[in-house]
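A.B. asks: from the sequence below, what's the structure:
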Amino acid sequence: MSAEMIILVLLIATALAFDFTNGFHDTGNAMATSIATGALKPKTAVLLAGILNLVGAFLSVEVAVTVTTSVLKVQDGKTGHLLPNVNASMGLTIIFAGLVGGILWNLLTWLFGIPSSSSHALFGGLIGSGIAALGMAGVNWPGVVSKVLIPALASPFIAGIVAAAGTWLVYRLTRKVEKKRREEGFRWGQIVTASLVALAHGTGDAQKTMGVIALALITTGHLTGDVKKDGLPFWIIFSCALAIGLGTYIGGWRVIRTLGKGLVEIESPQGMAAEAASAAVILSSSAAGMALSTTQVATGSILGSGVGKPGAEVRWAVAGRMAVAWLVTLPAAALVGAISYWISYALKSATNSQLVGDGVIFLILVALSGYMYWRAQQQKVDSSNVNADWDESTNSVVPADERKSKDAKPTASV
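C.D. replies: This next block holds a predicted model:
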């Protein structure tokens, strides 16, 4: 097997690893409010989300097309051939380094329970490595602005407004209904709306990894033709669907806890309104090929549900920290992507071996990922304590009992 083929296989495995982290990082987008209100038991919720993520990944390829054409300038838009200043070796390293940036930012924000955007982490990583390799001309800036940045800015506000209006209307129409009866009725509705969000998440986020794998195959000449017209090979769709489904089933409990308990104390009517707003925004954007952040949409919806409920208390301090993370995500992942590319390029130049360069950044990725997973196990958040009362004095994602346990070590607050 040639060095290029080994790197391609390693890259595909890394892309699927990103898809897996995307799944467990973003489980909360669909299921946090249903878990918080008791509409679904935690383990039932993540199983349902995993299955529907898998199904949703098969529904379209519009977002995958966006990833292959609207982020990096490595191929001719008319012929599909690599540009003269890009060769297969460089293209693979750009994509590889971009994935490293996306995965490491995903894991870091998961460790602290911050619902940041997996999508923007991926795009940031790719943009950073693209700039490191090709300069500013290596990025398709019009595509990034129209398909990534504008949706990123607009979608949380749109979702928040829709959720606020829906929540206000629900409470207005049911104001004479006994609270217990109202809660029970809307819990059933939440199961439907949460399922829609999970399905929508699959139609958007799984496709981003499909697009990355397709771009790598195009770079090496293993995939030709018009992706939008001809679609993607079944094995790409199936493997990405399976990876995001499994990741979702694992359950990113730290992020689920922040979304379900840290922003607003949610009741079932709010949960249903928030999930319905999220599903509507995500599905419509996926159909248009807009690679927006399902995390930002879900967060905007939850905040909107707090604004729309009379007398509800929104924890704006937690929301503010999340907003800072959103602003930092793309440039932070871009910086990691750029550094990863430079490390690989330097080692490749020193050893005259691309396998050494890309292999080292892969080992760095494994080591740092392992460390962050180990840190998370020191103070676990799982299905048993995800609904514990939120400690407003610290705003830490780790429940107070877990932090104060004898064997626990201190951890940073969200």
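A.B. asks: ok, A273 - how many residues close by?
C.D. replies: 31 (other C-beta atoms under 10 Å). Heads up, the C-betas are built off the backbone N, CA and C, glycines and all.
A.B. asks: same question, Q354
C.D. replies: Quick note: Q354 (other C-beta under 10 Å) scores 22 neighbours.
A.B. asks: how about W316?
C.D. replies: 12.
A.B. asks: so for it, what's the pLDDT?
C.D. replies: The model reports W316 with a pLDDT of 86.
A.B. asks: ok, it - contacts?
C.D. replies: Going by C-beta atoms under 8 Å, 6 or more residues apart in numbering, W316 touches no other residue.
A.B. asks: for G113, see how far away it is.
C.D. replies: Distance of W316 to G113, given as C-beta to C-beta, to the nearest Å: 17 Å.
A.B. asks: over to Y171?
C.D. replies: From Y171 to G113 the distance is 29 Å (C-beta to C-beta).
A.B. asks: now do the SS call for L355.
C.D. replies: Classification of L355 by DSSP: H, G, I helix; E, B strand; the rest coil places it in helix.
A.B. asks: now it, nearest residue through space, not along the chain?
C.D. replies: A3 (4.4 Å; C-beta to C-beta, 6 or more residues apart in numbering).
A.B. asks: okay, Y171 and G113: which has more neighbours?
C.D. replies: Counted by other C-beta under 10 Å, Y171 and G113 do not tie: G113 has more neighbours, with 28 against 20.
A.B. asks: which element is that one on?
C.D. replies: Per DSSP states H and E: G113 is located in neither a helix nor a strand.
A.B. asks: my read: it touches V255, true?
C.D. replies: Yes - assessed by C-beta atoms under 8 Å, G113 is found in contact with V255 at 5.8 Å.
A.B. asks: per-residue pLDDT, the residue nearest to L355?
C.D. replies: 85.
A.B. asks: cool, and the one 3 residues further on?
C.D. replies: Confidence per residue is given as pLDDT, and for I6 that number is 91.
A.B. asks: next, count neighbours for it.
C.D. replies: There are 14 residues near I6, going by other C-beta under 10 Å.
A.B. asks: repeat for V366
C.D. replies: 12.
A.B. asks: distance check, it against L259.
C.D. replies: Relative to L259, and taking C-beta to C-beta, V366 is found at 28 Å.
A.B. asks: go on, I103?
C.D. replies: Distance from I103 to L259, by C-beta to C-beta: 21 Å.
A.B. asks: so which of the two has more stuff around it?
C.D. replies: L259 (31 against 28).
A.B. asks: contacts only, for the more buried one.
C.D. replies: Applying C-beta under 8 Å, 6+ apart, the residues near L259 are G28, N29, A32, T33, P115, A298, T299, I302.
A.B. asks: what's the farthest-apart pair in the residues you listed?
C.D. replies: The two members of the contacts of L259 with the most space between them (C-beta to C-beta) are T33 and P115, at 12.4 Å.
A.B. asks: ok, those two, which is more surrounded?
C.D. replies: T33 (35 against 32).
A.B. asks: kindly confirm my reading that that one is in a helix.
C.D. replies: Yes - T33: assigned to a helix according to three-state DSSP.
A.B. asks: tell me which stretches of the stretch 1-150 of the chain form helices.
C.D. replies: Using DSSP state H, counting those that start in this stretch, the helices of the stretch 1-150 of the chain run over residues 3-25, 27-37, 42-56, 62-69, 88-111, 118-134, 141-144, 150-173.
A.B. asks: could you tell me the least trusted of those helices?
C.D. replies: helix 62-69 (a mean of 74).
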